[in-house]
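Participant: Dropping the sequence and predicted coords here.
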Amino acid sequence: MTRLLILIAVAFVVVSGAIGWMWQAYTPGAPLSYVFLGLTPVLKFFVIAIAILTGDGLIGCMRRDEVRVRRASIVTMAVGGVGAIYGEANTHFGVLYHGEIDFAAMAPGRIDSLAILALGLFGAVLVLGILRLRGAVNRS
């Protein structure tokens, strides 16, 4: 479980670094609330689903149930990945609709996609990290 936690944490740091770089380079001065407020309703649904799944993983941490935490973390990452793919597809459909545009115009959509992925990875790191600190007892 430690290797999985390290792998997910490294992926989270890489995705967060990409978000930070794009935010600094292409949306300077914009408040961070634009990330959530600018999401489409479907992407907001993904955010809510990730929050609920992370809560389920936290319940598993309180019970020290390793199976529940692993299942919740895997599903949380999967929902984050699917949300990122959906957001990226929205960005590409916008490009197809408007013709050829530069990367700076697509950056906010890419930030939204990466934010969903980072949120899914963060939920998994959180619950797996807490379970690792507490120690698993129930393996059923």
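Facilitator: Ah, there it is. Residues are numbered from 1 along each chain as shown.
Participant: from here on, contacts and neighbour counts on C-alpha atoms
Facilitator: Will do.
Participant: part of a helix, is L7?
Facilitator: Yes. Read with DSSP: H, G, I helix; E, B strand; the rest coil, L7 is one of the residues of a helix.
Participant: Give the burial count for it, as a bare number.
Facilitator: Other residues within reach of L7 by the criterion other C-alpha atoms under 10 Å amount to 12.
Participant: What confidence value was assigned to it?
Facilitator: According to the predicted model, the pLDDT of L7 comes to 93.
Participant: Could you do the one 3 residues further on as well?
Facilitator: Residue-level confidence at V10 comes out at 96, pLDDT.
Participant: Now it: which helix or strand?
Facilitator: When secondary structure is defined using DSSP states H and E, the element that contains V10 is helix 2-26.
Participant: buried sites along that helix?
Facilitator: When burial is assessed from 16 or more other C-alpha atoms under 10 Å, helix 2-26 yields the following buried residues: L5, I8, A9, A11, F12, V15, S16, A18, I19, M22, W23, Y26.
Participant: try stretch 76-93
Facilitator: In terms of neighbour count (16+ other C-alpha under 10 Å), stretch 76-93 has its buried residues at 76-88, 90-91.
Participant: Filter the residues you listed down to the ones in helices?
Facilitator: When DSSP state H is applied, the buried residues of stretch 76-93 are split such that 76-88, 90-91 fall in helices.
Participant: quick one: which two of those residues are the most distant?
Facilitator: In those, the most distant members under the criterion C-alpha to C-alpha are T76 and T91, with 22.6 Å between them.
Participant: Now do the contacts for L58.
Facilitator: Contacts for L58 were tallied using C-alpha atoms under 8 Å, 6 or more residues apart in numbering; they are V69, V127.
Participant: And it, which helix or strand is it part of?
Facilitator: Using DSSP H and E, the element containing L58 is helix 41-63.
Participant: buried set for that helix?
Facilitator: Across helix 41-63, burial judged by 16+ other C-alpha under 10 Å covers 43-44, 46-47, 49-51, 53-54, 56-61, 63.
Participant: For the residue of the chain most remote from its centre, give me the pLDDT.
Facilitator: For the chain, the C-alpha farthest from the mean C-alpha position belongs to G99; by C-alpha atoms, centre = their mean, that distance is 29.0 Å. Per-residue confidence at G99 stands at 73 (pLDDT).
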